[in-house]
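> Sequence and predicted model, in that order:
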Amino acid sequence: MFRKQLTSISVLHASTQSYRATVCAKTLAFDSQHDRGLPKRQSGYGAQARMESEMSKHEPWQLTADAAELYEQYVARYILGPWAPLLVDAAGVATGDRVLDLACGTGVVARVAALRAGTGGSVVGVDLNAGMIRVARSLPPTGGASIEWLEGSALDLALPDASFNAVLCQQGLQFFPDMARGLRQMRRVLKPGGRLALSVWNNAGLYNTAVGETLAQFIGPETAVRFLTTRHQAPTREALEELAMNASFPGAQVRVSRINVHLPRLDEFVLGHLAATPFASLIAALDMETRGQIGATVATRLQHYANGDGVTYPEETQVLTARAG
Ligand SMILES: C[S@@+](CC[C@H](N)C(=O)[O-])C[C@H]1O[C@@H](n2cnc3c(N)ncnc32)[C@H](O)[C@@H]1O
């Protein structure tokens, strides 16, 4: 029965490209791809990806204020936060640097960069989503450099040329309707010799795979496909290298980084996490028993990684580093 559902997910994925393109643009920043039966990511930034990019241009990216708060509480804190020091290290952020965090969300990377840049440095965080910026501004300062939060598109930065020592972008590029333009903007605002470090997922990830399978089981294959889309749309290494080269980052390097991610009690975490996604209303409309089963099923699927009350599992991402010549 379950295998049949997964098969239908693949068929759906392959045959409804316009549906998928719409979802790409509308889906909030959560994570997923599938390793065992659900559709795989595009193998390159080819014609299909370009078509999707064209189709998704000008799609809005607005969350409710509540969703941005939940994003901070669940996604930024547990899923993306642990990666922030790694990205800041990859860009070699140092005392006195002026740093840009693009697609900053609620600012988890910008705050780490501020500590590294110190009081002599400065940080700017830019995000398209007003709710994210509002939450970023509301959080207590971490110390170090001052941070300016700007609502705006990474594709049309209202920032001067050659004005930053480092540009960071954690799990943001894949959501830009025009990734090439996003990279050209990053190059434009970097000073000569300035450093770029950005990350996009490398694969589904165990947690997201488990959630996708569970959504397929309790809600349906279309929901699982939608949930998994944000990881499918992450560019491959070859696509990243091509994008960087075309944006005048000739020496760009892409490597895969791995860390262990810890999530607290999964039966509770999963429901909170889903509430920070476009599936919030879908999940809220389910009866309590089904919601409880979704949480418990994800926990069972990941029981091999049980650690204390929660789970600790290996996760990996691609990190692109480059220098403006
Ligand atoms: C997965 S979140 C990552 C947020 C943050 N970097 C972090 O690590 O928590 C993706 C972010 O990209 C932002 N985003 C998507 N398209 C954007 C664009 N064109 N310009 C600026 N931000 C964008 C979204 O609003 C969202 O906050």
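That came through fine.
> How about the contacts made by residue 192?
Taking CB atoms under 8 Å, 6 or more residues apart in numbering, we find residue 192 in contact with 162, 324-325. (C-beta placed from N, C-alpha, C; glycine too.)
> who wins for most neighbours among these?
In terms of neighbour count, residue 324 stands highest of those at 21 neighbours, by other CB atoms under 10 Å.
> Spatially nearest residue to that residue, not counting backbone neighbours?
residue 190 (3.9 Å; CB to CB, 6 or more residues apart in numbering).
> Just confirm residue 75 contacts residue 276, I think it does.
Yes: judged on CB atoms under 8 Å, residue 75 makes contact with residue 276 at a distance of 5.7 Å.
> tally of neighbours for the residue nearest to residue 324?
25.
> now it: how far from the ligand?
17 Å (CB to the nearest ligand atom, to the nearest Å).
> beta partners of that residue?
Beta-bridge partners recorded for residue 190 (DSSP bridges): residue 164.
> For it, give me the pLDDT.
Per-residue confidence at residue 190 stands at 98 (pLDDT).
> and which of the contacts of residue 192 is nearest residue 227?
Each of these was scored against residue 227 by CB to CB, and residue 324 proved nearest at 36.5 Å.
> Tell me where this structure is predicted with low confidence.
For the chain, the stretches with pLDDT under 70 are 1-65.
> which bits of it sit near the ligand?
Within reach of the ligand by CB under 6 Å from any ligand atom, the chain has these residues: 29, 61, 76, 80, 103-105, 108-109, 127-129, 132, 153-155, 170-172, 175-176.
> Among the residues you listed, which lie within helices?
108-109, 132 (DSSP state H).
> Now do the buried residues in whichever strand in the chain runs longest.
In the chain, with assignment by DSSP state E, the single longest strand is strand 310-323. For strand 310-323, a neighbour-count test (16 or more other CB atoms under 10 Å) marks 310-311, 313, 315, 317-323 as buried.
> what does stretch 264-280 give?
Residues 266-267, 269-271, 273-280 are the ones in stretch 264-280 that count as buried (16+ other CB under 10 Å).
> Among those residues, name the ones in helices.
Counted as lying in helices by DSSP H, out of the buried residues of stretch 264-280, are 266-267, 269-271, 273-275, 280.
> Closest one to residue 227 out of the residues you listed, please.
Within those, the smallest distance to residue 227 is 8.4 Å, found for residue 274 (CB to CB).
> need the contact list for that closest one.
Residue 274 touches 211, 280, 283, 294, counting by CB under 8 Å, 6+ apart.
> can you rerun that using 6 Å?
Residue 274 is in contact with residue 283, counting by CB atoms under 6 Å, 6 or more residues apart in numbering.
> Number the chain from 240, please
Understood, numbering begins at 240; the last thing we discussed is residue 513.
> and stretch 440-460, how far out from the chain's middle?
With CA atoms, centre = their mean, to the nearest Å as the basis, stretch 440-460 stands 16 Å off its chain's centre.
> repeat for stretch 469-476
10 Å.
> quick one: buried residues of that stretch?
Applying a neighbour-count criterion of 16+ other CB under 10 Å, the buried positions in stretch 469-476 are 469-476.
> tell me how far the ends of that stretch are from each other?
By CA to CA, to the nearest Å, the extent of stretch 469-476 from end to end equals 16 Å.
> Repeat that for stretch 390-409.
Across stretch 390-409, first to last residue, CA to CA, it's 17 Å.
> Next: stretch 529-548.
22 Å.
> Distance from it to the middle of the chain?
23 Å.
> just stretch 332-339 next, same as before
Computed by CA atoms, centre = their mean, the chain-centroid distance of stretch 332-339 equals 23 Å.
> Please write out the alpha-carbon positions of that stretch in CSV.
Extracted in CSV, the C-alpha atoms of stretch 332-339 (Å, rounded to 0.1, in the frame of the first residue of the first chain):
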residue,chain,number,x,y,z
VAL,A,332,34.6,36.4,8.5
ALA,A,333,37.0,38.4,10.7
THR,A,334,37.2,41.3,13.0
GLY,A,335,36.2,44.6,11.4
ASP,A,336,34.4,43.0,8.4
ARG,A,337,31.3,44.4,6.8
VAL,A,338,29.1,41.4,6.1
LEU,A,339,25.9,40.8,4.1
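> residues contacting residue 497?
The contact partners of residue 497, by CB under 6 Å, 6+ apart, come to 553, 555.
> where does it land in three-state SS?
What DSSP: H, G, I helix; E, B strand; the rest coil gives for residue 497 is strand.
> is it in a bridge, and if so with what?
In this structure, residue 497 bridges to residue 555 when assessed by DSSP bridges.
> and it, how far is that from residue 344?
Using CB to CB, to the nearest Å, we find residue 497 at a distance of 22 Å from residue 344.
> Same check on residue 460?
Separation of residue 460 from residue 344 (CB to CB) stands at 29 Å.
> Which of the two has more residues huddled nearby?
More crowded of residue 460 and residue 344, by other CB under 10 Å: residue 344, with 26 against 22.
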